[in-house]
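>>> Everything below, folded, please.
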Amino acid sequence: MWEARAVHGRGGELLEWARAQRLPAQPLRRETFTADQDRVLVLTWWDGDAADDLPELPEPPAGLLTRPVHRWRFTSHGLS
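Numbers count the residues shown, from 1 in each chain. Modelled structure (predicted):
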């Protein structure tokens, strides 16, 4: 999971930037979300373990963010 918060009013620009990023390998699934406060969230699903060396979205251009990008890895335990 990749989550970033844009400078006020630049959420659309951050969304466009995130959607344009290509990874060196294709995930099983990729979804992009937005939230208030100009936040963008990108979820990717991979065939592997959380400890594997998997591609990550890079840091956006300097000056676009209010804080560093947050990244988390989760392990699925099925649907409930």
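
>>> what's the nearest residue to residue 39 if we skip its chain neighbours?
Of all residues not flanking residue 39 in the chain, residue 5 sits nearest, at 5.0 Å (Cβ to Cβ, 6 or more residues apart in numbering). All C-beta spots, glycine's among them, are computed from the backbone N, C-alpha and C.

>>> Would you map the helices across the protein?
11-20 (DSSP state H).

>>> and the gap between residue 78 and residue 40?
Counting by Cβ to Cβ, to the nearest Å, the gap from residue 78 to residue 40 is 27 Å.

>>> Comparing these two, which residue is more hemmed in?
Neighbours of residue 78 and residue 40, each counted by other Cβ atoms under 10 Å, are more numerous for residue 40; the result is 26 against 4.

>>> Surely that one and residue 20 touch.
No: between residue 40 and residue 20 there is no contact under Cβ atoms under 8 Å: 11.9 Å.

>>> pLDDT wise, what is the residue nearest to residue 39 at?
On the pLDDT scale, residue 5 is placed at 98.

>>> isn't it right next to residue 37, touching?
Yes: counting by Cβ under 8 Å, residue 5 touches residue 37, with 6.1 Å between them.

>>> and these two? which has more neighbours close in?
residue 5 (20 against 10).

>>> quick one, what contacts that one?
37-40, 65-67 (Cβ atoms under 8 Å, 6 or more residues apart in numbering).

>>> switch to 7 Å and redo it
With contact set as Cβ atoms under 7 Å, 6 or more residues apart in numbering, residue 5 has these partners: 37-39, 65-67.
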